[in-house]
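>>> need a structure here:
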Amino acid sequence: MNLLTSGNPVIKCGYLAHPVLRNVADRLELLTAPLSIAAAQVDVNLTPRERGDWEVMLGTTNQQWQIAVYSGVNHGFGVRSPVNEDQKRSKRLAFGQAVKWFDEWMGCREPEEDPPVATAVI
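Okay, here's the model as predicted:
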């Protein structure tokens, strides 16, 4: 997060999967680069209320952002071995979210005409 809030970002964009760092919330308003977040439906580290607070904070920045909430998974779903098809699907979709985000902001591919930037519940 420090690189995304430096005022002159070293990196062009960021992606967080099931963030746990409490100081992330303190840094969101300082965001100076686009940010994508993959969140778990069930997460004691990022509750639905906190997610809503994050959306409000992100909305005060002049940066593009998105939060995708993946149903049927818990905190850590992006790095743990999936035990069922829902977890496997969510992990695959979150990975795709990261790839598309980096492609869009790093210029790896031609940008889509209207890239989606919104909160999504999957």
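>>> every contact and neighbour count from this point should use C-alpha atoms.
Fine.
>>> would you mind measuring from residue 63 to residue 73?
28 Å (CA to CA, to the nearest Å).
>>> and the helices in this structure?
Secondary structure of the chain by DSSP state H: the helices cover 23-28, 48-59, 85-106.
>>> look up how far residue 54 lies from residue 60.
Counting by CA to CA, the gap from residue 60 to residue 54 is 10 Å.
>>> okay, which residue is most central for the protein?
Geometric centre of the chain, nearest residue: residue 37, 0.7 Å, by CA atoms, centre = their mean.
>>> please name the bridge partners of that residue.
Beta-bridge pairing of residue 37, defined through DSSP bridges, involves residue 16, residue 67.
>>> list the contacts for it?
Residue 37 makes contacts with 15, 16, 17, 18, 19, 65, 66, 67, 68, as judged by CA atoms under 8 Å, 6 or more residues apart in numbering.
>>> nearest to residue 95, of those?
Minimum distance to residue 95 across the contacts of residue 37 is 9.1 Å, recorded for residue 17 (CA to CA).
>>> number of residues surrounding the closest one?
22 (other CA atoms under 10 Å).
>>> name all residues that make contact with it.
37, 38, 39, 76, 78, 94.
>>> how close does the second one get to residue 105?
As for residue 38, its distance to residue 105 is 17 Å (criterion: CA to CA).
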